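K.L.:
have a look at this prediction, sequence included:
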Amino acid sequence: MEPEQKNLTETMVKLRVDTKTIQAPEGTSLLSACLSAGIYIPHLCWHKTFSPASASASCRLCFVEIDGKDPVTSCTLSIKNKMIVRTDTPVVRNLQKTAMKLLLSVHHVDCKNCPSNLSCELQKITKFLGMGLGSKPFERLIKNNGIDSRHPIFDYHPDRCVLCGLCIEICGQLNPEAFLSFASRGFDTAAGYFQKDTSIASQCSSCRACIDTCPTGALTDRPL
Ligand code: SF4
Ligand code: SF4
Ligand code: FES
């Protein structure tokens, strides 16, 4: 996929976000424009190379309100001139907290023993939203699947995976076809190359981009 910037015209669009007026090239996603202007919106499944059309919008975290209407995901929305955006309304925050609680209900929180401790997006987002990582009003549904060590360069920890898809996306951008994919369905969904022809492992270039892109500690480097 081409980086978002390459598809843009040079026309600049001006919009109001909370108390700030910001501008960005036409065609930019609202999430990207806000982040570039220093306005943080929680997000897990977005990558800077995504256009509004290519965003998967699977994490349901990046909600905002436009012109006082119902919340929408900012990663899928192109900016428009004179847009009035609110990133911090009670409705937006409730949606974001609910999305995080759902993610955490299937996440094994064990930060002390996780390599992502202190650089983890889940820690950052829960802190931003003023909620603890231990918030669990929903049923805990930890899979306890153990560690999958079938990949030649990383270990996969399903209980830390938030199924954001970024590892699969980045692998597909760097190779003719992604070596990684989602396997199974529903509660058993997992990321890996495991459901594909296992000979695909020999084609992995060990670039480690998937590990670097993962926002949690779900992919851990296996020292050579
Ligand atoms: S992925 Fe993040 S929240 Fe989960 S155990 Fe690791 S550091 Fe903690
Ligand atoms: S392994 Fe990491 S990057 Fe891949 S889907 Fe899970 S959380 Fe996302
Ligand atoms: S970043 Fe927009 S839904 Fe995940």
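P.N.:
Happy to help now that I have it. Residues are numbered from 1 along each chain as shown. Ligands and ions are numbered 1, 2, ... in the order given.

K.L.:
C-alpha only now, for contacts and for neighbours.
P.N.:
OK.

K.L.:
and Pro25, how many residues sit next to it?
P.N.:
18 (other C-alpha atoms under 10 Å).

K.L.:
roughly how far does it sit from Ser78?
P.N.:
Distance from Pro25 to Ser78, counting by C-alpha to C-alpha, to the nearest Å: 10 Å.

K.L.:
the lowest-mean-pLDDT helix or strand in the chain: what's the following helix or strand?
P.N.:
Ranking every helix and strand in the chain by mean pLDDT, DSSP states H and E puts strand 190-192 at the bottom, with a mean of 71. Sequence order places helix 209-213 as the next helix or strand after strand 190-192, per DSSP states H and E.

K.L.:
who in this protein is up against ligand 1?
P.N.:
When proximity is defined by C-alpha under 6 Å from any ligand atom, the chain lies next to ligand 1 at Val109, Asp110, Cys111, Cys114, Ser116, Asn117, Cys120, Leu122, Gln123, Arg160, Thr216, Gly217.

K.L.:
domain ranges for the chain?
P.N.:
7-89, 144-224 (automatic domain parsing).

K.L.:
could you dump those to JSON lines with distance to ligand 3?
P.N.:
Shown next, in JSON lines, are the domains of the chain (distance: least, C-alpha to the nearest ligand atom, whole Å):
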{"stretch": "domain 7-89", "distance to ligand 3": "3"}
{"stretch": "domain 144-224", "distance to ligand 3": "8"}
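
K.L.:
okay, the ones you listed, which one's buried deepest?
P.N.:
domain 7-89 (a mean of 19; mean count of other C-alpha atoms under 10 Å).

K.L.:
now that one: mean pLDDT?
P.N.:
The average pLDDT for domain 7-89 rounds to 94.

K.L.:
is it anywhere near ligand 2?
P.N.:
No: contact of domain 7-89 with ligand 2 (C-alpha under 6 Å from any ligand atom) is absent, the minimum separation being 7.3 Å.

K.L.:
find the nearest non-adjacent residue to Phe182, please.
P.N.:
Among residues not flanking Phe182 along the chain, Ala191 sits closest, at 4.5 Å (C-alpha to C-alpha, 6 or more residues apart in numbering).

K.L.:
helix/strand/coil for the nearest residue to Val162 once chain neighbours are set aside?
P.N.:
Nearest-residue entry for Val162: Leu103, 6.5 Å, with adjacent residues in sequence omitted and distances by C-alpha to C-alpha, 6+ apart. Following DSSP: H, G, I helix; E, B strand; the rest coil, Leu103 is assigned to helix.
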